[in-house]
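K.L.:
Got a sequence here, can you model it:
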Amino acid sequence: MEIRVPYQLLHGIYQITCVPTGKCYIGSAVELLKRWSDHRTGLCRQDHHNAHLQHAWNKHGEAAFEFSVLELCPVGYLIEREQAYIDARNPEFNICRQAYSTIGITHPIESCIRRGNSRRGKTHTPETRKRIGDLQRGKKRGPLSEEHKQKLRAARLGKYVSPETRQKLREANLGKKNGPPSEATRQKIAEKRRAYWERRKNDL
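P.N.:
Okay, here's the model as predicted:
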């Protein structure tokens, strides 16, 4: 597989192309090669967020996909430039037609029920749990990345909260204690988690 990117931490617009079909996916990233690595991880684990891309990956194999950089640009222009490329190239694998947004995506109720039923009662094998644990181990935890902040900001832009909703939120939060949970609350959380994992073990 060819990766035509000599950069590690540069931000810009990228394209993932299925060479046999010519179909592509366009996205943007603060760290280009890390984003490609994240895509490959999800696709190889069969849990990628894009069903079209996952289906093509399963059909043609990893070697059939090519990652390339379309443009390098400042972080503040990522969304704007990604949208320009989506509009101009109409990439077949992009489910969302608006950059960093799920606007316009709806799922029929029958599809939601079918998806829920297909997953109900399923558990990971010890080997799968270990593999997931190995992949997650060592990942950086802490403040949100600039890219994540941009996504959250874009998702909330233009949203309006009515006075009635504000009042409901205010009433729901009145009297709530802010700050770290109490010792009693921590004990309750720990007990619930222990009970959950005991049930998981019994299901194996």
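K.L.:
after the helix or strand residue 151 falls within, next one along is what?
P.N.:
Here residue 151 sits within helix 146-156, counting by DSSP states H and E. Under the assignment DSSP H and E, the closest C-terminal helix or strand after helix 146-156 is helix 163-173.
K.L.:
pull the CA atoms of that following helix into CSV?
P.N.:
Written as CSV, here are the backbone C-alpha positions of helix 163-173 (Å, rounded to 0.1, in the frame of the first residue of the first chain):
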residue,chain,number,x,y,z
PRO,A,163,-36.4,29.9,26.5
GLU,A,164,-38.6,26.9,27.5
THR,A,165,-35.7,24.5,27.1
ARG,A,166,-33.4,26.8,29.0
GLN,A,167,-35.9,26.9,31.9
LYS,A,168,-36.2,23.1,31.9
LEU,A,169,-32.4,22.6,32.0
ARG,A,170,-32.2,25.2,34.8
GLU,A,171,-34.9,23.4,36.8
ALA,A,172,-33.3,20.0,36.2
ASN,A,173,-29.9,21.2,37.4
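K.L.:
quick check, residue 91 in a helix?
P.N.:
No - read with DSSP: H, G, I helix; E, B strand; the rest coil, residue 91 is coil and lies in no helix.
K.L.:
What residues does it make contact with?
P.N.:
Shown here is residue 91, whose contacts under the criterion C-beta atoms under 8 Å, 6 or more residues apart in numbering are 15, 23, 24, 25, 26, 85. In short, each C-beta sits where N, CA and C put it, glycine included.
K.L.:
again, 7 Å this time
P.N.:
24, 25, 26 (C-beta atoms under 7 Å, 6 or more residues apart in numbering).
K.L.:
These in strands, which ones?
P.N.:
Using DSSP state E, the subset of the contacts of residue 91 located in strands is 24, 25, 26.
K.L.:
Okay, strands next: where are they in this structure?
P.N.:
For the chain, applying DSSP E gives strands covering 3-4, 12-18, 24-29, 65-72.
K.L.:
Tell me which of those is the most buried.
P.N.:
Counting by mean count of other C-beta atoms under 10 Å, strand 24-29 has the highest mean neighbour count of the strands of the chain, with a mean of 23.
K.L.:
Residues contacting the helix ranked longest in the chain, please?
P.N.:
In the chain, assigned by DSSP state H, the helix with the most residues is helix 183-203. For helix 183-203, the surrounding residues in contact (C-beta under 7 Å, 6+ apart) are residue 123.
K.L.:
give me that answer again for 10 Å
P.N.:
With C-beta atoms under 10 Å, 6 or more residues apart in numbering as the contact definition, helix 183-203 has outside contacts at 121, 122, 123, 124, 126, 129, 177, 180, 181, 182.
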